[in-house]
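In: Below are the sequence and a predicted model; questions follow.
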Amino acid sequence: MNAPDMNAAVTAASNPPVLSAWAAIKAIAKRELSAYFESPVAYVFLVIYLLLAGFFTFTFGGFFERGEASLGAFFNWLPWLFLFLVPAVGMRLWAEEQRLGTLELLLTLPITTWQAILGKFLASWLFLGIALLLTFPVVLTVNVLGDPDNGVIAAGYVGAMLLAGAYLAIACMTSALSRNQVVSFILAVVLCLLLVLVGFAPVTDLLSRWFGPVVIEAIAAFSVVTHYDGFQKGVLDSRDLLYFLSVIFFSLFATGVIIRDRRAG
């Protein structure tokens, strides 16, 4: 992100504090979102995501074999599909700034660190939301073939967005740690995989050989799968919502600490 692209954010600094903050965030988010579609990378990502989502849903997910009008086959695979696709989106957020040497320029503009972090995060989250929105043909298909509970489907999409946000926030943090996008990607995948595995049935069954049910439940409570499952069933539990928001907040907070440390250094 170069200086001309930040003109809106700079101008916003002269407005009242609250309006200035949101204006700066919007300016950064708008620039970041535009940057995705200025290159063919975004379109390639969207095509790959839609192809993989369809492949896993209709091939491995057993969409037709289930004999029920639901999107369980689609939502079941998202934690694993997002495991690689979301870090691929988030790995460039800060690593690219460091590689190009524009991070220092960004941090010298009259915007706060958290405004820059939120602007970048929201732009990438919106991009992932667009990718999810483009899966609407699957929703139309299941409605044509049967009579699904669209409330459950809507809850599943809410859970999918929160899951994508959690993975993305972690990728944002790892991107701030390294200027190498590949290193950032690998770190994000490993961390997200750990959050999946601690609640994965084969892993919890293995741990049950050494630990009691209370310990297993405590460990599984840290898993994205444990909290994502409720949304797939159409249950909007405040505890699940709080979990995902906590992961996002903590990861973005850690991102801010890392960036401020780099600024101080």
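Out: Structure's in. What do you need?

In: What is the helix or strand harbouring F250 packed up against?
Out: Assigned by DSSP states H and E, F250 falls within helix 238-264. The helices and strands touching helix 238-264, judged by 3 or more Cβ pairs under 8 Å, 6 or more residues apart in numbering; DSSP states H and E, are helix 103-108, helix 113-133, helix 150-177, helix 224-232. Any C-beta I mention is one placed from the backbone N, CA and C, and that applies to glycine too.

In: run the last query once more with 6 Å
Out: In terms of contacts (3 or more Cβ pairs under 6 Å, 6 or more residues apart in numbering; DSSP states H and E), helix 238-264 is packed against helix 113-133, helix 150-177, helix 224-232.

In: Skipping its backbone neighbours, what lies nearest A166 in space?
Out: The spatially closest residue to A166, leaving aside those adjacent along the chain, is V247, at 4.3 Å (Cβ to Cβ, 6 or more residues apart in numbering).

In: Tally up the residues packed near that neighbour, please.
Out: Close neighbours of V247, defined as other Cβ atoms under 10 Å, add up to 21.

In: cool, G90 as well?
Out: Number of residues near G90 (other Cβ under 10 Å) recorded here: 29.

In: Let me see the contact set for the residue lying closest to it once chain neighbours are set aside.
Out: Nearest residue to G90 in three dimensions, chain neighbours excluded: A171, at 2.7 Å (Cβ to Cβ, 6+ apart). The neighbours of A171, taking Cβ atoms under 6 Å, 6 or more residues apart in numbering as the test, are 87, 90-91, 188.

In: same question, A188
Out: Contacts for A188 (Cβ under 6 Å, 6+ apart) come out as 87, 170-171, 174.

In: Could you do Q181 as well?
Out: Taking Cβ under 6 Å, 6+ apart as the contact definition, Q181 lies against 91-92, 95.

In: Throw the helices and strands packed on helix 238-264 into a markdown table and include mean pLDDT and distance to I259, thanks.
Out: Supplementary listing: the helices and strands packed on helix 238-264 in a markdown table, determined by pLDDT from 0 to 100; distance: least, Cβ to Cβ, whole Å:
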| stretch | mean pLDDT | distance to I259 |
| --- | --- | --- |
| helix 113-133 | 92 | 5 |
| helix 150-177 | 93 | 5 |
| helix 224-232 | 89 | 25 |
